Each structure stands twice: as structure tokens, then as C-alpha cells.
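**Student:** next input, structure requested:
(one chain, ligands or ions: 1)
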Amino acid sequence: MLKLHYAPNSRAERVLWLLEELELPYELNSMPFHPEALKSDEHRQRHPLGRIPVLEDGDVSIYESGAIIDYILEKHKNGGLKPTVDSAEFPFYLQWFHFCEGMIAQPMNTIVVHTIILPPERRDETVLGQAQRLASKSLAAIETALEGKEYLIGDFSGVEFMTGHCCTKLSDLGCVTDEMPNVKGYVERIESRPAFQKAISTQ
Ligand SMILES: N[C@@H](CCC(=O)N[C@@H](CS)C(=O)NCC(=O)O)C(=O)O
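**Tutor:** Next up is the predicted model:
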């Protein structure tokens, strides 16, 4: 049985959303998003940096949300929700799958740190502004890519669990504006999916 090491309101939601979407049986180890749990010796044996998500599948234990999503799609969905290598969508599948951790994660983390995590006196408006501008540029690229499409490569696919999930978080952070109608509609479509709702409401 698949076992997901999870904490609410984190990248682990991506994996939980996928498991729910595929209706796969799984066991959940939900931990508080707190150093006491994440940096414990027990969890550091699963992830050397004490982070989530971590997925166990029998004797296999892996981390990195993108690797886990790809692993589940290949191993438990026979490559479904993923275009075949010779299809026209495949290069763009790869692009949008990796865009999330490669381009969005860093400014998004900075925005979270300078709007939520740090106490007001330690927040830096310059650093925050730079991160917001970088996030806006990434969202502008997504806005263009979504023109005439429901989902990033057309049909609902694995990229939604990565870059799509990032878009929902950027929306929560107030970064998706009225000037981005395609991204707004995309976020609404994702947020209306029952599997997504189950994942983000799981504590
Ligand atoms: N690139 C990694 C990032 C993992 C990561 O940083 N996870 C965050 C939660 S979203 C975490 O565990 N943070 C706890 C910490 O930094 O102590 C992935 O995609 O899995």
C-alpha cells in the first residue's frame, strides 16, 4: 500500500490530490507542519532535510514532489494523465511539469516568508516586491499558454499537480489578478475538482 508522509497546506497536497484523483488506496501519515515533527530523527530517516512530501511504496521510499507524481503516474496509472513521447504535447508536458519547482517555487517561498512567516518588523518590502514581480512574470507565461485551453497542455494531465497546484497557491497569496483571466479560470477549474477539494481540506 502507498504511504504518504504529509502536512497540510504544503507541496504534499499535490500527491494527495493525485492519489484522490486516481482513487488509489493509500495510507496517510499527517504530521503538523512544525520542526518538532519534520526535523525529528524518525522523519529525517525518510527525508535527509526533514521535508515533505515523502512517498513509500513497499520497499521504495522517495522524496521530491515531481518525482513522486511521475512515479505514481508511471507505476500506478500506466503512464496515464501523461502524453506519449511521440505526441505533440509531450515537450510541453515536460516544460510545464518542471516550470513549477524550477521557476515558481522560489519566488513563491519568498512571498510566503515575507507576508506570513516572518514577524512584520523582519519583512523586507524590496525582497517581497522582487519576488512578486518574478511570480507575475511566470504567471504571465501561464496566462499566454492557457489561451483557448482548459488545462495547461489542453486535456487535464500530470502538469496540473505541479504548475496547476502552484497557481492555486499564488492565487491564495493574491498574485493572480483580474489582468490574468485565463489563470483565474484555470484556478477555478482546479479548485472545483472534488479530489482537489478533498486534498486541500485534509488536516
Ligand atoms: N522540491 C521539494 C521541496 C520540498 C519542500 O521544501 N517541502 C516543504 C513543504 S512545501 C517542507 O517540507 N518544508 C519544511 C521545512 O523547510 O522545514 C519538493 O518538491 O518536494
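**Student:** residues making contact with the longest helix seen in the chain?
**Tutor:** When secondary structure is assigned using DSSP state H, the longest helix within the chain turns out to be helix 125-145. Under the contact criterion C-beta atoms under 8 Å, 6 or more residues apart in numbering, helix 125-145 has outside partners 92, 96, 99, 103-104, 106-108, 110-111, 114-115, 152, 163, 167, 170, 175-176, 180-183, 186. Just so you know, the C-beta spots here come from the backbone N, C-alpha and C atoms, and that holds for glycine as well.
**Student:** and those, which are buried?
**Tutor:** Neighbour-count burial within the contacts of helix 125-145 applies to 92, 96, 99, 103-104, 107-108, 110-111, 114, 152, 163, 167, 170, 175-176, 180, 182-183, 186; the criterion is 16 or more other C-beta atoms under 10 Å.
**Student:** among the residues you listed, which are within reach of the ligand?
**Tutor:** Cross-checking these against the ligand (C-beta under 6 Å from any ligand atom) gives no overlapping residues.
**Student:** show me the contacts for the residue in the chain sticking out farthest from the centre.
**Tutor:** Note on the chain: the largest C-alpha distance from the chain mean falls to residue 121, namely 29.6 Å (C-alpha atoms, centre = their mean). By C-beta under 8 Å, 6+ apart, the contact list for residue 121 is empty.
**Student:** could you do residue 83 as well?
**Tutor:** 89, 90, 93, 153, 157.
**Student:** what does residue 103 give?
**Tutor:** By C-beta under 8 Å, 6+ apart, the contact set of residue 103 is residue 138.
**Student:** for it, helix, strand, or coil?
**Tutor:** The assignment at residue 103 comes out as helix when based on DSSP: H, G, I helix; E, B strand; the rest coil.
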